[in-house]
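Visitor: compute the structure for the input listed below.
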Amino acid sequence: MCLLHLLKELSRDYPFKLTVVHINHGIRGKEADEDAAYVRDICKAWDIPCRIYAVDIKEEALKRKCSEEETGRAIRYEIFEKVRLETGGAKIAVAHNMNDQAETVLMQLFRGSGMKGLGGISPVRGNIIRPLLEFTRDEIESYCIQNQIQYRQDYTNALNIYTRNKIRNELIPFIQENFNPNIVKTLYNMSILLREEESFLNEQAQAHLKCCVKEEKDQLLILDNHVFNTYHPILKKRIIRAVIERLSGHLRNIDSNHILDVIELSTKGTGKKLCLPNAIIVKRQYEDLIFQVGEKTFEDFCYNIPIPSNLWIKELNARLETKLLDKENFNLSLYNTCTKSFDYDKIENGLQIRTKKPGDRIILKNGTKKLKDFFIDEKIPRDERNKIPLLADGHKILWVIGYRYSDAYKITSSTGKVLQVQFMPLTKEEI
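Guide: Residues are numbered from 1 along each chain as shown. Model (predicted):
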């Protein structure tokens, strides 16, 4: 009522309009109905539009599997935002005060919260504003008396059935009497300092995050692990939280142990990974620290290649074209990274395009190498290896497409027939 009166008075001098939203939680029966009627009558007297909502919080709490207190808060803000959008409103003003802030800080302290939690309630959060946050409850009640503003009391505020009520009715009065009579103001001032420091550290974390991001796209973010590990542990923790929040949109279910696990992963060898809540996967691959949402499986494939052919590889969204040429018609200068040529007469077991298999080998200038060792030498991440298409003659690899081709199938002076192979991945637009 104090907030509504203040805003009503301000609206005379500033160009904004008010809409009042009242929500009956369905918990206090007749008294709650009387509260709703009182709000409706006041708004009619003051000529302010008013919307009254009735919600069965107990039933909703069961559906959402949350406490009644948490459910009530969630539903209130859902309805506030709904009305804001329907009315074209700019802000949602709520009446938290300095005592609410002190209670919140103590609650967060008992939960073991970090700096963000101990910063308490923010004066501004998105579309939500809290104009009364720097005033005590006593000051607000004095304003109501001076301006003859009637208000109603919720009797459940006096019942020590919630943690907040116990802090308000028992703990804070005990501290005021035995330790610090100004504890409410002290906790409020502390929350301001902590929010300022939290804001500064977040800015630093975002700046350092930009310096170590190697790649970012939908549901994937890759950090330069070497750069990341040069940072102070405090920045590392904040960067990890920022990355997870960017990918999943929130930090629910993510606790400090998850953050420490990621930091530990960043110091281990390549090929390790973590599965975090919210379907977040974190991998260490060579110099990369990879964050992604979910993990797509890639199925093995194998296609026999007739010659000549024009073959569609659906697993890769790519086309493979082969031609047989006489050596006299072969021009090496026309070839590029997507087109390779081979001595056709050296193919013994028929041609295939496929994913890797145990026993695969490739012949290079310095001898035969297991394909597994080739991948390791090229620092190809383990999860990527099965996605790389191979042009194969049995277990002999002619071409690790996109990387190397075998010296054993090179064109020489004794070559008769030349096999020309063109691999053409399609772009997203072409697909």
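
Visitor: list the residues that contact residue 371.
Guide: 356, 360, 361, 362, 390, 397, 400 (Cβ atoms under 8 Å, 6 or more residues apart in numbering). Backbone N, C-alpha and C define where each C-beta goes, glycine included.

Visitor: quick check: closest non-adjacent residue to the second one.
Guide: If the residues on either side of it in the chain are set aside, residue 360 comes closest to residue 371, at 3.9 Å by Cβ to Cβ, 6 or more residues apart in numbering.

Visitor: could you report the pLDDT at the one you found?
Guide: With respect to pLDDT, residue 371 scores 93.

Visitor: quick check on it: phi, psi?
Guide: Backbone torsions of residue 371, given as degrees, to the nearest 10, read phi -60, psi -40.

Visitor: number the residues from 46 up from this point.
Guide: From this message on, residue numbering opens at 46, which makes the last subject residue 416.

Visitor: now it: how far from residue 445?
Guide: Computed as Cβ to Cβ, to the nearest Å, the residue 416 to residue 445 distance reads 7 Å.

Visitor: tell me, what's touching those two both at once?
Guide: By Cβ under 8 Å, 6+ apart, the residues touching both residue 416 and residue 445 are 407, 435.

Visitor: end to end, how far does stretch 104-115 reach?
Guide: One end of stretch 104-115 sits 13 Å from the other (Cα to Cα, to the nearest Å).

Visitor: list of residues touching that stretch?
Guide: Contacts of stretch 104-115 (Cβ under 8 Å, 6+ apart): 72, 102, 103, 116, 119, 120, 207, 209.

Visitor: can we see that at 7 Å?
Guide: 102, 103, 116, 120, 207 (Cβ atoms under 7 Å, 6 or more residues apart in numbering).

Visitor: counting only helices, which of those make the cut?
Guide: 102, 103, 116, 120 (DSSP state H).

Visitor: export these to JSON lines and tack on pLDDT?
Guide: Output for the ones in helices among the contacts of stretch 104-115, formatted as JSON lines (pLDDT from 0 to 100):
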{"residue": "102", "pLDDT": "92"}
{"residue": "103", "pLDDT": "92"}
{"residue": "116", "pLDDT": "94"}
{"residue": "120", "pLDDT": "96"}
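
Visitor: got any ranges where the protein has weak pLDDT?
Guide: 376-381, 472-476 (pLDDT under 70).

Visitor: can you point out the buried residues in the top helix by length along it?
Guide: Longest helix in the chain, counting residues (DSSP H): helix 228-257. Of all the residues in helix 228-257, those buried under the rule 16 or more other Cβ atoms under 10 Å are 228-229, 232-233, 235-236, 239-240, 243, 246, 249-250, 253-254, 257.

Visitor: ok, now stretch 289-297?
Guide: 289, 292, 293, 296.

Visitor: hmm, back to that, of the buried residues of helix 228-257, closest to residue 199?
Guide: residue 229 (20.1 Å; Cβ to Cβ).

Visitor: so how far is residue 140 from that closest one?
Guide: Counting by Cβ to Cβ - residue 229 and residue 140 are separated by 16 Å.
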